[in-house]
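S.K.: Sequence first, then the predicted structure, then my questions.
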Amino acid sequence: MLSLPLIHGRFPVGVTTFVTPVRPSRLVGSAKLKSNSADHALQLEEVAFTAYYPADTSYNPSKGVDWLFRPLGASLLGLSSYSGISTWLLWPVVYFFGSLIKVPAYRNAPLLHPEKTKGGLEKQWPLVIFSHGLGGSRTAYSQFCARLAASGKVVLALEHRDGTGMACTPRSWGVDRGTAHRTIVYLREADVFWENGGPPKDHPMPWRGEQLAFRHHEIHVAYEAFQKFVTGAQIEIDTIDGDPFDKASWSSLATSGDSIIKHHEEIILAGHSFGGATALSLLATKPVENYQRIPISKVVVLDPWLEPLPTPGPVPYVPAKQSHEDPKCAEALMQALLDGTVNGSSNGSIPKLPQDPPQLFVINSETFTIWKDHFARLQEIVATWEPQGRRIATLIGSKHISFSDFSVLPILHKNHDLSIFDTICRLSLAFLHDRLDEALKEEDSTTGMNIEIVGTKPDGKPKRKLVGNIGHVIVS
């Protein structure tokens, strides 16, 4: 079996993909498909997410989960649409890796009861919600999600069906339940259109804006469905392939009488690239109607792509009594804007709010850090969320794909790719375990931010790079 790297951690990892219907289905945004003008581009009919979790392997579950979406022909079309590379050039790679590569985890294994762990010290598994980036999938970040799971967490990796994933097949939940009635592959803005005056004007990137709104719905549906599922409430939920799984293990209780999954508080939100933008957007936006606020306490953002987000901001959303909607806060903000000073400066930075937002930690690639304007905006955003701490880490030599499984594919990866990925996981876990400052002090590879010019880009602009050894960490 050609496999991704073995998963290191305290616990073996199980993988189960769940689906739940959305009743009634919803249309999000107003974009329509050019391929069929009668179809809305964003139809919310079913939500899917892959759970990575500590597994009970006492029943000898089978090991090895398909890494690429089936059928491989759909993955091929989606990857071609995303990359702009001909299917004729891509098909040998897609079929080779898609046919052979497995996620080294236990398929549909029961969830391990935390009190059955060595020493019985665990009481509940923390819950993580993960959002993938453009061209990603619910398994494209299996290494990162599995590392979190191996540390003792339940991770729900969304399969976003907004046209940002390689491919997916929403199913019918009617008479022909379980039958896929359409396949969605990666959608470019050129694949959609708007009637009646064109795209909406209230967003810097209209198509991405509507996809963000769709993702908000998916995250809320997944969270609420999962809560009902683990508490034994009535909910339509199934595995994506219809295979059996141990339902009882998911609704088990601790001796205290609580669920073995901490799903009602201290939720962790994580995402990469557009998934990072999704996390920030979700937390900066009032919950979608009919949904309750998700009690998120920590956020891990991996190389966030900020351009789809409106400016200024984003800033953490708080209820009216604590936000700009509060008369006193609104009055102070208006005066600051009239004076041309915000946060005591004249640089137009984002105003601080009288609130306690979720703790935020950002890990950036070198590619995005030397993107000067983008990094300046990131620093401004993080200063609003974490005014007291340094919460951006950049890894020298890392690229935008360094956070996904694509960076550690067998045969293709280099030794430093594995080292960089390991550092990403270690820093993320240190943050989640409240020992980030300690971990950074222990790092013998931290360095300062120094940039040098190493040439000229094709557009005539200077080509820049960070000074230091590959894998070294810059904290800012």
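M.R.: Happy to help now that I have it.

S.K.: Tell me where the stretch 301-450 of the chain is predicted with low confidence.
M.R.: Along the stretch 301-450 of the chain, segments meeting pLDDT under 70 span 319-355, 444.

S.K.: how about a cut-off of 90?
M.R.: Applying pLDDT under 90 to the stretch 301-450 of the chain flags the ranges 312-313, 317-357, 384-390, 410-415, 437-450.

S.K.: And the strands in it?
M.R.: Secondary structure of the stretch 301-450 of the chain (DSSP state E, counting those that start in this stretch): strands located at 359-365, 392-395, 446-447.

S.K.: Can you give the distance from the first one to the centre of its chain?
M.R.: In terms of CA atoms, centre = their mean, to the nearest Å, the centre of strand 359-365 is set 12 Å apart from its chain centre.

S.K.: before we move on, back to that, next, format the strands of the stretch 301-450 of the chain as JSON lines and append distance to T57 and mean neighbour count.
M.R.: (Each C-beta comes from the backbone N, C-alpha and C, glycine too.) JSON lines is the format used below for those (distance: least, CB to CB, whole Å; neighbours: other CB atoms under 10 Å):
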{"stretch": "strand 359-365", "distance to T57": "31", "mean neighbour count": "24"}
{"stretch": "strand 392-395", "distance to T57": "33", "mean neighbour count": "24"}
{"stretch": "strand 446-447", "distance to T57": "37", "mean neighbour count": "15"}
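
S.K.: can you redo these as JSON lines with distance to W91?
M.R.: Conversion of the strands of the stretch 301-450 of the chain to JSON lines gives the following (distance: least, CB to CB, whole Å):
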{"stretch": "strand 359-365", "distance to W91": "29"}
{"stretch": "strand 392-395", "distance to W91": "33"}
{"stretch": "strand 446-447", "distance to W91": "43"}
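
S.K.: and S80, that's in a helix?
M.R.: Yes - applying DSSP: H, G, I helix; E, B strand; the rest coil, one finds S80 inside a helix.

S.K.: Leaving out the residues flanking it, which one is nearest to it?
M.R.: Excluding the flanking residues, the one nearest S80 by CB to CB, 6 or more residues apart in numbering is T87, at 4.6 Å.

S.K.: Domain parsing of this structure, as residue ranges.
M.R.: By the assignment in automatic domain parsing, the chain contains the domains 2-21+47-315+355-475, 319-354.

S.K.: Return the most buried member of these.
M.R.: domain 2-21+47-315+355-475 (a mean of 18; mean count of other CB atoms under 10 Å).

S.K.: how far does it sit from the chain's center?
M.R.: Centre to centre, stretch against its chain (CA atoms, centre = their mean), the figure for domain 2-21+47-315+355-475 is 3 Å.

S.K.: Next up, the contacts around the residue lying closest to N469 once chain neighbours are set aside.
M.R.: Leaving aside its sequence neighbours, N469 sits nearest to I396 (CB to CB, 6+ apart; 6.5 Å). The contact partners of I396, by CB atoms under 8 Å, 6 or more residues apart in numbering, come to 366, 447, 466, 468-474.

S.K.: cool, K465 as well?
M.R.: Applying CB under 8 Å, 6+ apart to K465 gives the contacts 366, 370, 451-452, 454.

S.K.: what's the single longest strand in this protein?
M.R.: strand 13-27 (DSSP state E).

S.K.: Extract the CA atoms of it and return them as PDB.
M.R.: Provided in PDB are the C-alpha atoms of strand 13-27 (Å, rounded to 0.1, in the frame of the first residue of the first chain):
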ATOM      1  CA  VAL A  13      -6.700   7.400  14.500                       C
ATOM      2  CA  GLY A  14     -10.000   6.500  13.000                       C
ATOM      3  CA  VAL A  15     -11.700   8.100  10.000                       C
ATOM      4  CA  THR A  16     -15.400   8.100   9.300                       C
ATOM      5  CA  THR A  17     -17.200  10.400   6.800                       C
ATOM      6  CA  PHE A  18     -20.700  11.500   7.800                       C
ATOM      7  CA  VAL A  19     -23.500  13.100   5.700                       C
ATOM      8  CA  THR A  20     -26.700  14.700   6.800                       C
ATOM      9  CA  PRO A  21     -29.500  16.200   4.700                       C
ATOM     10  CA  VAL A  22     -30.600  19.900   4.800                       C
ATOM     11  CA  ARG A  23     -34.400  20.100   5.000                       C
ATOM     12  CA  PRO A  24     -35.700  22.100   3.300                       C
ATOM     13  CA  SER A  25     -32.800  22.600   0.900                       C
ATOM     14  CA  ARG A  26     -31.600  26.200   0.600                       C
ATOM     15  CA  LEU A  27     -30.300  28.400  -2.200                       C
END
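
S.K.: Residue numbering should commence at 651 henceforth.
M.R.: Sounds good: first residue 651 from here, last item strand 663-677.

S.K.: Could you list every helix and strand in contact with that strand?
M.R.: Judged by 3 or more CB pairs under 8 Å, 6 or more residues apart in numbering; DSSP states H and E, the packing partners of strand 663-677 are strand 693-704, strand 751-757, helix 792-800, helix 856-880, strand 888-889.

S.K.: Give the next helix or strand downstream of it.
M.R.: strand 682-683 (DSSP states H and E).

S.K.: The helix or strand following that next one relative to strand 663-677, how many degrees between them?
M.R.: Following strand 682-683 in sequence order, the next helix or strand is strand 686-690 (DSSP H and E). Going by axes from the mean of the first three to the mean of the last three CA atoms, to 10 degrees, strand 686-690 is angled at 110 degrees with respect to strand 663-677.

S.K.: In strand 686-690, which residues are buried?
M.R.: Across strand 686-690, burial judged by 16 or more other CB atoms under 10 Å covers H690.

S.K.: So which elements touch that strand?
M.R.: Going by 3+ CB pairs under 8 Å, 6+ apart, strand 686-690 lies up against strand 682-683.

S.K.: Which residues does the strand it packs on contact?
M.R.: Strand 682-683 has contacts (CB under 8 Å, 6+ apart) with 688-691, 837, 841-845.

S.K.: Which residue ranges of the protein form helices?
M.R.: In the chain, the segments counted as helices under DSSP state H are 722-733, 737-750, 792-800, 856-880, 897-900, 924-933, 977-989, 1016-1019, 1022-1035, 1065-1082, 1086-1092.

S.K.: nearest to L761, of these?
M.R.: In terms of CB to CB, the element of the helices of the chain nearest to L761 is helix 897-900, at 4.3 Å.

S.K.: can you list the weak-confidence ranges in the stretch 701-850 of the chain?
M.R.: Ranges of the stretch 701-850 of the chain meeting pLDDT under 90: 709-710, 719-720, 743, 747-749, 766-773, 820-832, 845-850.

S.K.: ok, 80 please
M.R.: Residue ranges of the stretch 701-850 of the chain with pLDDT under 80: 768-772, 822-831, 847.

S.K.: And N686, how far from L694?
M.R.: N686 is 18 Å from L694, where distance means CB to CB, to the nearest Å.
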